[in-house]
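1. Give me coordinates for this.
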Amino acid sequence: MEYEDVLRQYLGEFGRYQKLAALLIVLVGPSVGATMFAQAFLAATPAHHCRLYPNDSSAMYGHPSERLNLSVPMENVDGMWRYSSCLMYNGTGGTSEGSNQTVRCSDGWEYEQSVYRSTVVTDYDLVCERHWLKELGQSIFMVGVSAGGLISGTTSDRIF
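-> This is a model prediction of the structure:
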């Protein structure tokens, strides 16, 4: 006896209910996948560095690259030198005055906007010492998905 024959004997033919269930799975599946995949884009962390001045009207402080060189230290990340994401020199023009003491960003962050104009990370400054909140949000979302699957699965088994 073949496997398909055993299934037909106990379950019956592929009928209207099975066709409807398959159609609903095909229709709902892509939206569920998009919801799971959306976190990669909605919570992306673009390149960032410390905001140098609280009022962000920095026209009087010279050329932007000069201001960055004097205010934000460079760090080696994976063999590439880039501006530090979480540190800035203590005071203005730390390197020119000989003070290499660094502190955490005090006036927020400036984000690269060439790829993402706005994400959850940029809206709520979920970088540096607050980066764990991004992962917490994803974990809470997945706990909700798991609870929803358990509850709706059990409910559908009891009702239908």
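2. pLDDT-wise, which helix or strand of the chain ranks last?
-> Ranking every helix and strand in the chain by mean pLDDT, DSSP states H and E puts helix 64-71 at the bottom, with a mean of 73.
3. In its sheet, which strands sit next to the helix or strand just after that helix, and in what direction?
-> As assigned by DSSP states H and E, the chain's next helix or strand after helix 64-71 is strand 74-77. Strand 74-77 sits in its sheet next to strand 80-83 (antiparallel), going by DSSP bridges.
4. Skipping its backbone neighbours, what lies nearest residue 81 in space?
-> Of all residues beyond its chain neighbours, the one nearest residue 81 is residue 74 (5.1 Å), with distances taken as CB to CB, 6 or more residues apart in numbering. Glycine gets a C-beta too; all of them are placed from N, C-alpha and C.
5. Please enumerate the strands of this structure.
-> Per DSSP state E, the chain carries strands over the ranges 48-50, 74-77, 80-83, 87-89, 102-104, 109-111.
6. In CSV, list those strands along with mean pLDDT, distance to residue 136 and mean neighbour count.
-> As requested, the strands of the chain are exported to CSV (pLDDT from 0 to 100; distance: least, CB to CB, whole Å; neighbours: other CB atoms under 10 Å):
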stretch, mean pLDDT, distance to residue 136, mean neighbour count
strand 48-50, 88, 20, 22
strand 74-77, 84, 24, 11
strand 80-83, 86, 27, 12
strand 87-89, 87, 24, 21
strand 102-104, 88, 20, 13
strand 109-111, 90, 19, 19
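7. shaky segments in this protein?
-> Where the chain drops to pLDDT under 70, the residues are 54-65, 91-99.
8. where along it do the helices fall?
-> Assigned by DSSP state H, the chain shows helices spanning 3-11, 16-37, 39-42, 64-71, 120-124, 132-159.
9. between the ones you listed, which one is nearest to residue 51?
-> helix 64-71 (9.9 Å; CB to CB).
10. Does anything pack onto that closest one? Which helices or strands?
-> Packing contacts for helix 64-71, counted by 3 or more CB pairs under 8 Å, 6 or more residues apart in numbering; DSSP states H and E, involve strand 87-89.
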